[in-house]
Structures are given as structure tokens and as C-alpha cells.
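1. how would this look folded up:
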Amino acid sequence: MQSANVKAIAESARDKLRTAIKELESFLNANALPQLTNEQSTEESIAVHAGLLSDLRHLLVFSEVAYEKLGAILRRPNFDLDLAERTLYEVYHQCVNSFFYPKNEGYSEDGRYAYTGQDAIRFRAKPVRAVRDVVMNISTVYEELREELAYYESEYLTQRRMQGQSK
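-> Residues are numbered from 1 along each chain as shown. Below is the predicted model of the structure:
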């Protein structure tokens, strides 16, 4: 890809990550498992909420690391195209995939709803409103990142292999 195009994508990805980070930090700083569950909560509900919090913390860390890497790349006087492409590849495979494929599977994406205008995110068990809101709010950010970085899902790695390089 051309350097100017990659730089624009890196700037856009960094802006989107900043939005997601603010949302996640705000939520995670204000909520813990005891605030999201109560004495009437079932063991399953507690486990689902604990898993969701764990997945959101991981997502926050991955997003913060990617945000910092992109910032460092964009601040350099000479734009490093290879490093930027590698970092965008990592954003796709760590941040975007961490959102859409959470380890604890508290939610998943149901592609059948993507074209109907309905929310494509389906929760394994009904979460409290605060959890649902944060996941739905950041879902648009990660959907946009996924669309923007789709090239890096497979083409980037294929290109590198053809050049005889590893990721």
C-alpha cells in the first residue's frame, strides 16, 4: 500500500481506538463485579459478568498498547511503512478479534442480524444494562476498525510471505 494511505488508516485507527479506550476505561473504573451483581444473582449470571469484565479488561489492554504503538509511529519524522502495516495487522488480530471473539464468550456476533439494522451482538445471558451499553457502544468502533483493516486480515500476511518475510 502507499505510504499516505497507510498513514491515513493508522491515524483513523488510532482515533477509533481512543474512542473505545475512553469508553472502556470509564466503564471499568466505575464498575466491578459486586456492582454488576447482587445477592439474587445466580451463579451463572455471576460467572457471565465476571467473564465479560475479564474480556473487557483484556480488550482495553490490547487497545491501549495498539494506540500507543500507532502514536509512536505517527510521531516519527519519517513514516515507517513496514512498521505501520505490521502494527495495523496487530490491531486487527488483537483488538478487533478480541472484541468479536471474546475468550469467555459472554457475547458473540450473529451475522444474520448485521443486514437487518438490528444489533448483531448477542449475549449468552442477559447482562445488566451498564454492561450491555458499553459493549454495544464500542461494537460500532470495532466494526468500523474491522472494515477499515480488512486488508490486514489476510492480504498483509500473504504479501509478507511472498516477500519471504515473517510477520
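2. Pull out the buried residues from stretch 130-140.
-> If you call a residue buried by 16 or more other CB atoms under 10 Å, then stretch 130-140 has these buried ones: Val131, Arg132, Val134, Val135, Ile138, Ser139. Any C-beta I mention is one placed from the backbone N, CA and C, and that applies to glycine too.
3. and which of the residues you listed is nearest to Ala47?
-> Set against Ala47, the nearest of the buried residues of stretch 130-140 by CB to CB is Val131 (13.3 Å).
4. my guess is the closest one contacts Ala50, does it?
-> No: judged on CB atoms under 8 Å, Val131 makes no contact with Ala50 at a distance of 11.1 Å.
5. Let me see the ranges of the helices in the protein.
-> Secondary structure of the chain, counting by DSSP state H: helices at 3-30, 33-36, 43-75, 81-90, 97-100, 129-148, 151-162.
6. and the angle from the first one to helix 43-75?
-> Angle of helix 3-30 versus helix 43-75, following axes from the mean of the first three to the mean of the last three CA atoms, to 10 degrees, is 140 degrees.
7. Give me the helices and strands touching helix 3-30, please.
-> Counting contacts by 3 or more CB pairs under 8 Å, 6 or more residues apart in numbering; DSSP states H and E, helix 3-30 packs against helix 43-75, helix 81-90, helix 129-148.
8. quick check: mean pLDDT across the shortest one?
-> Okay, so that is helix 81-90. For helix 81-90, the per-residue pLDDT values average out at 92.
9. what distance separates it from the centre of its chain?
-> A distance of 16 Å separates the C-alpha centroid of helix 81-90 from that of its chain, computed with CA atoms, centre = their mean, to the nearest Å.
10. buried stuff in that helix?
-> In terms of neighbour count (16+ other CB under 10 Å), helix 81-90 has its buried residues at Leu81, Ala84, Glu85, Arg86, Thr87, Leu88, Tyr89, Glu90.
11. same thing with the first one?
-> Taking 16+ other CB under 10 Å as the basis for neighbour counts, the residues of helix 43-75 that come out buried are 45, 47-49, 51-53, 55-56, 58-60, 62-67, 69-70, 73.
12. and if you look at stretch 8-23?
-> Of the residues in stretch 8-23, those buried (16+ other CB under 10 Å) are Ile9, Ala10, Ala13, Arg14, Lys16, Leu17, Arg18, Ala20, Ile21, Glu23.
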